[in-house]
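Undergrad: Would you be able to build a 3D model of this:
(one chain, ligands or ions: 2)
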Amino acid sequence: MPTLVEIAHENCNLDEGSLEHLNSLLSEWGMLADFCFADMLLYLPTTSSQFIVAAQVRAATGQTLYDTDLVGVVADPFERQIIDEAYKKQKVSIGEIKVETISEPVNLMAIPVRYEDRIIAVLTREWSQRSGRKPGQLERTYLAIFEVFAKMISTGLFPFAGRGADATVAPRVGDGVVVLDADTRVRYASPNAVSAMHRVGISANAVGQTLAELGIAETAARHAFERFEPVVEEFEQTVDVTLLTRTIPTLKRTGQRVSVTGGVVLLRDVSELRRRDRLLLTKDATIREIHHRVKNNLQTISSLLRLQVRRLKSEEAISAITESVRRIRTIALVHETLSREAGEDISFIEIVRPLLRLVEEGLQSADRPVKFNVFGDGGRLPATIATPLSVVILELLQNAVDHGFPEGSKGGSVVVSLGRTAENQLAVKVIDNGRGLKPDFDMTKVTGLGLSIVRTLVTTELAGTIQYRAARVEDSTKELKIAADGEGTVVDLVIPVSGD
Ligand SMILES: Nc1ncnc2c1ncn2[C@@H]1O[C@H](COP(=O)(O)OP(=O)(O)O)[C@@H](O)[C@H]1O
Ligand SMILES: [Mg+2]
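TA: Ligands and ions are numbered 1, 2, ... in the order given. Next comes the predicted model:
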């Protein structure tokens, strides 16, 4: 469907200011349609002396006459006569038109839209007696409000110039309407408004009382009346009752002077919404707190194991438990990161960096220094992937250090690179320029605990693939030099990441 601006550019001769004025009108006219219980169309004068429909809105409070979309349709001669009259005489004109699909005549009210010193468009209200309601007090009041806004539109006072407080979050007519006079005295309150007020503890008959007398903060109304513009405000009426209001001043022009005649307050009880917001916030905080506690517990376990290590004599036992401590600390690291995040996924690089430090810490010998580097980032990962993957990377780093640079070697570099494949799978590479794999190395036959853990996690929990190969000269980077083919080791991991 073409936009107002597109229609205007193609058919009309309207300047930027006019288009902006019309666009603000469109952001407000849902309310107007609701107040007049009818369909509304916005007609623009075309360069070929026609009128073309640039936008259409239906009322939430009444039935529509038009099932079809009328945007882009040109006014027929009957419509054009009424619209043209409003356009030329610069005042509201009313008449009857014939609509093919409706047997009885349709009423058309044409309201000239003024911007600065000229009429730039015509707004129409279209209704038939059939769809008109039996007028009760609500209907009569709403129609009277509509007439006031129609007058404001034709005198250039509506929509409001400047910041027209965001109407998208504002309450709608159906939520509740209070009509005020210029002293913020209530002239009318719709049944929904009365109910909303009841919930905030205002059970007295509101009509005839000022907002202040009713115990409703009147600052919003005061601001709206002083600044000649709508004000949206949320009131925490009591601890668990929240009212969202939008106060729209009604204005009148007498000669050059503009004065406030009163206002319309749309109000809505948003207590339930706000209560849910708060619940969500606390749920989030609770999850973070739990991650924090899990991290603390894991740290306690690793401390206990370290105490145990100090009493051991057997080298084998010492290194087995030391390795376990590192694995536990790796998982603790993931929980620590999650405890700082709002959701259940984390920026993976935030785990890889401290992971490198963890492996670095375990290296004591100064005679074979190993440098660690990380490239890329890998994006955000859910905790269900980040946790096993961290353990896998830890083992790979540990093996690069243990087997790439064993005692007696001169040290070197280890690089972790993170990225995404063309299919947006996570690609992790761990490269070292150490001694390289033994000629008979076969990943599927290795019985060490480290690679067993890696294989199990990669194939089951991560549903990914892993490959070992000898490094080649072209694997070299600025930080990691492979002097000859077969010198170091490259481990390639590809992990599918669901959800993206
Ligand atoms: N980066 C590497 N460079 C050379 N050899 C490696 C590398 N990674 C793994 N290996 C080989 O794979 C074997 C299995 O490793 P792993 O299962 O972790 O057991 P462990 O580390 O206890 O020996 C190692 O003993 C080693 O021979
Ligand atoms: Mg190992």
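Undergrad: domain assignment for the chain?
TA: Using automatic domain parsing, the domain ranges for the chain come out as 4-154, 173-269, 273-343, 368-500.
Undergrad: What is the end-to-end distance of the shortest one?
TA: When the termini of domain 273-343 are compared using Cα to Cα, to the nearest Å, they are 21 Å apart.
Undergrad: again, but for the first one
TA: Using Cα to Cα, the gap from the first to the last residue of domain 4-154 comes to 20 Å.
Undergrad: cool, and stretch 199-211?
TA: 16 Å.
Undergrad: quick one: buried residues of it?
TA: Val200, Ile202, Ala206, Gln209, Thr210, Leu211 (16 or more other Cβ atoms under 10 Å). Glycine gets a C-beta too; all of them are placed from N, C-alpha and C.
Undergrad: lowest-confidence helix or strand of the protein?
TA: Ranked by mean pLDDT, DSSP states H and E, the weakest helix or strand in the chain is strand 231-238, scoring a mean of 82.
Undergrad: Please save the CA atoms from it in CSV.
TA: Output of strand 231-238 as CSV, limited to C-alpha atoms (Å, rounded to 0.1, in the frame of the first residue of the first chain):
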residue,chain,number,x,y,z
VAL,A,231,1.0,15.1,27.6
VAL,A,232,1.5,11.4,28.3
GLU,A,233,2.0,10.5,31.9
GLU,A,234,2.0,7.4,34.0
PHE,A,235,0.8,7.7,37.6
GLU,A,236,1.7,5.3,40.3
GLN,A,237,-1.5,5.9,42.1
THR,A,238,-0.8,3.4,44.8
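Undergrad: now the helices for the stretch 151-300 of the chain?
TA: 191-199, 211-214, 219-227, 271-310 (DSSP state H, counting those that start in this stretch).
Undergrad: Who's the closest spatial neighbour of Ile4, skipping the chain neighbours?
TA: No Ile there; residue 4 is Leu. The shortest distance from Leu4 to any non-neighbouring residue, by Cβ to Cβ, 6 or more residues apart in numbering, is to Ala54 (4.8 Å).
Undergrad: Return the residues in contact with the residue of the stretch 301-450 of the chain found nearest ligand 2.
TA: Across the stretch 301-450 of the chain, no residue is closer to ligand 2 than Gly450, which sits at 2.7 Å (Cβ to the ion). When contacts are counted by Cβ atoms under 8 Å, 6 or more residues apart in numbering, Gly450 touches Glu323, Glu395, Gln398, Asn399.
Undergrad: Let me know the closest of the buried residues of stretch 199-211 to ligand 2.
TA: Of all those, ligand 2 sits closest to Val200, with 66.0 Å by Cβ to the ion.
Undergrad: distance of the closest one from ligand 1?
TA: 66 Å (Cβ to the nearest ligand atom, to the nearest Å).
Undergrad: The closest residue to that residue other than its chain neighbours - how many residues pack around it?
TA: For Val200, ignoring the flanking residues on the chain, the nearest one in space by Cβ to Cβ, 6+ apart is Gln237 at 4.1 Å. Here the count is done by other Cβ atoms under 10 Å, and Gln237 has 20 residues near it.
Undergrad: Check the one 10 residues further on too.
TA: Residues contacting Thr247 under the criterion other Cβ under 10 Å number 28.
Undergrad: Who are the contact partners of it?
TA: Contacts for Thr247 (Cβ under 8 Å, 6+ apart) come out as Leu180, Ala220, Ala221, His223, Ala224, Pro230, Val231, Glu233, Gly263, Val264, Val265.
Undergrad: cool, Gly263 as well?
TA: Contacts of Gly263 (Cβ under 8 Å, 6+ apart): Val179, Leu180, Thr184, Ala221, Ala224, Phe225, Thr247, Ile248, Pro249, Thr250.
Undergrad: Buried ones in stretch 289-301, by neighbour count?
TA: By neighbour count with 16+ other Cβ under 10 Å, stretch 289-301 contains the buried residues His291, Val294, Lys295, Leu298, Ile301.
Undergrad: Could you point out which of these is nearest to Leu281?
TA: Using Cβ to Cβ, His291 is the member of those that sits closest to Leu281, with 16.3 Å.
Undergrad: Correct me if wrong: the closest one contacts Ser339.
TA: Yes - under the criterion of Cβ atoms under 8 Å, His291 makes contact with Ser339 at 3.8 Å.
Undergrad: who touches both of the two?
TA: Counting by Cβ under 8 Å, 6+ apart, His291 and Ser339 have no common neighbour.
Undergrad: Pull the most distant pair out of the buried residues of stretch 199-211.
TA: Greatest spatial distance in the buried residues of stretch 199-211: Val200 and Thr210, 16.2 Å, computed using Cβ to Cβ.
Undergrad: in the stretch 351-500 of the chain, which spans are strands?
TA: 370-376, 380-382, 412-420, 426-432, 465-470, 489-495 (DSSP state E, counting those that start in this stretch).
Undergrad: can you redo those as a markdown table with mean pLDDT and mean neighbour count?
TA: Listed next are those as a markdown table, based on pLDDT from 0 to 100; neighbours: other Cβ atoms under 10 Å:
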| stretch | mean pLDDT | mean neighbour count |
| --- | --- | --- |
| strand 370-376 | 92 | 17 |
| strand 380-382 | 92 | 18 |
| strand 412-420 | 94 | 20 |
| strand 426-432 | 96 | 22 |
| strand 465-470 | 96 | 15 |
| strand 489-495 | 97 | 20 |
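Undergrad: Need the buried ones from the contacts of Gly263 selected in PyMOL.
TA: Per 16+ other Cβ under 10 Å, the buried members of the contacts of Gly263 correspond to this PyMOL selection:
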select buried, resi 179+180+184+221+224+225+247+248+249+250
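Undergrad: Which ones among the contacts of Gly263 lie within strands?
TA: Within those, residues falling in strands by DSSP state E are Val179, Leu180, Thr247, Ile248, Pro249, Thr250.
Undergrad: Now render the residues you listed as TSV, adding distance to ligand 2.
TA: Output for the ones in strands among the contacts of Gly263, formatted as TSV (distance: Cβ to the ion, whole Å):
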residue	distance to ligand 2
Val179	78
Leu180	77
Thr247	69
Ile248	71
Pro249	75
Thr250	78
